[in-house]
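1. Starting from these lines, generate the structure:
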Amino acid sequence: MNKTPKARKAPVRRAEGGEAMRAERAIAALMMLSAVGLAGCDTPSVSEKQDPLKGDIIDEANLTQLMLQAGDPEESVRYFENAVAREPDRADFRRGLAQSYSRAKRYPEAARIYQELLALKQEEVVDRLDYAYVAVRLDRWNDASALAASLPASLDTPRRHLLDAMLADHAKDWEAADRAYERAEAQSTAPAEVLNNWGVSKMARGDLPDASRTFERAISYDSRLFSAKNNLAISRALQGDFRLPIVPMTDSERATIQYNMGVIAQQNGELRIARGLYAAALQSHPRYYQAAADRLAHLDSAIVN
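-> Model (predicted):
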C-alpha cells in the first residue's frame, strides 16, 4: 500500500555530549518502531458483503480466529467489542479484544483489557507475554520487566527471548541482549524481525558497521521487511555512505529511504547530497511527496543565498 510518507526526524550521527543524546533518542525511537512484530502477517480482510456465518459453515471458534487475522484491525476490534458486550464473562473474547486493540495500535486500550484479564484471573501465559509487549510500546518498562519476570522458565519461545532482549537493551546490558537475540534467532523459523531488532540494538551501541551487516542478514530472510531496508540505509548514511542499498524495494519505499538519508545528510551539513536525495525522492515516489518538496525548496533557497 503506497502512502505518502510523513516527515520525520532521522537519527543523527553518534557523537559526544548533546549530539550523542539526540542520537540515542532517535535510535530508541527506531527500536520502538521495529520491535514487537514476530507474529504479524498480512491476511485478507473479511468482506462486509459476505456473511461468514452463512450456512453455519464457520463455527464460533473459527470465526474468532478468523477475526483475529482480519486484514483490517479495526474490523477485528468492532467484532470483539460487540462480543465482550454480549458475553462479558468470556475470557477468549476479552483476550481477542486485547489482541485486536494491539494490532490496531491502540495500546492504552489493549493494556486496560489485559489488566482486566489479570484482575479477573482469566489470563493465560501468552496474555502476560503479549501484555509485556504492549507495555514496551507504552514505554512502561517497569511493567514490562515485572510481566517478564512472572513468565515461567518453561516458556522457551522466540517472542519470549525477543522480549528479554529488548529489556536488556533498555538496561544497556549488551551481553544479555546478545544472548537473548541469539536464542530468539536460533528458535525462529522466520528470524528477519529478530535480526532487525538486533541491528537497531547495535546501532544504539554505536556499532554501525555490525548493525549494517545485521540488517543485511534480516533482509536476506525477508526482502519485504521495509523497516530492515530503511534501517540498513540509515546505518550506512550515519557512516557517510549515502548510496541506496542494493535490495528489492518499491518506488514508495525507495522515496522514503532517499528522504531519510537526505535528512541525515542535511543534519551532517552535506547540503548538496541532501538536495540530490530529496530530488531523487520526489522523482521516485509514485505520488506527490510533500515533505521532500518542502525540504528541497528550503535547501534550494539556502544554497542560492
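2. what's the domain layout of the chain?
-> What automatic domain parsing lists as the domains of the chain is 1-34+226-305, 59-153.
3. Check the offset of the shortest one from the chain's centre.
-> Between the centre of domain 59-153 and the centre of its host chain there is 18 Å, according to C-alpha atoms, centre = their mean, to the nearest Å.
4. circling back to that earlier point, mean pLDDT lowest where, among the domains of the chain?
-> Least confident of those, judged by mean pLDDT, is domain 1-34+226-305 with a mean of 78.
5. Output the domains of the chain in CSV, with distance to residue 186 appended to each entry.
-> From N, CA and C alone the C-beta is placed, and that goes for glycine too. CSV is the format used below for the domains of the chain (distance: least, C-beta to C-beta, whole Å):
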stretch, distance to residue 186
domain 1-34+226-305, 19
domain 59-153, 17
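6. out of those, which comes closest to residue 169?
-> Evaluated over the domains of the chain, closeness to residue 169 peaks at domain 1-34+226-305, with 6.7 Å, by C-beta to C-beta.
7. Now mean neighbour count too, for the domains of the chain, in a markdown table please.
-> Listed next are the domains of the chain as a markdown table, based on neighbours: other C-beta atoms under 10 Å:
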| stretch | mean neighbour count |
| --- | --- |
| domain 1-34+226-305 | 18 |
| domain 59-153 | 17 |
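8. The helix or strand hosting residue 66: what's the following helix or strand?
-> Using DSSP states H and E, residue 66 maps to helix 60-68. Per DSSP H and E, the first helix or strand lying C-terminal to helix 60-68 is helix 73-86.
9. contacting residues around that following helix?
-> Helix 73-86 has contacts (C-beta atoms under 8 Å, 6 or more residues apart in numbering) with 45-46, 64, 67-68, 70, 90, 93-94, 96-97, 100-101, 103-106.
10. How about stretch 106-123?
-> Stretch 106-123 is contacted by residues 77, 91, 94-95, 97-99, 101-102, 127-128, 130-131, 134-135, 137-138, 140 when judged by C-beta under 8 Å, 6+ apart.
11. Beyond the helix or strand hosting residue 196, next helix or strand please.
-> Per DSSP H and E, residue 196 falls inside helix 192-205. Going down the chain from helix 192-205, the next helix or strand is helix 208-221, by DSSP H and E.
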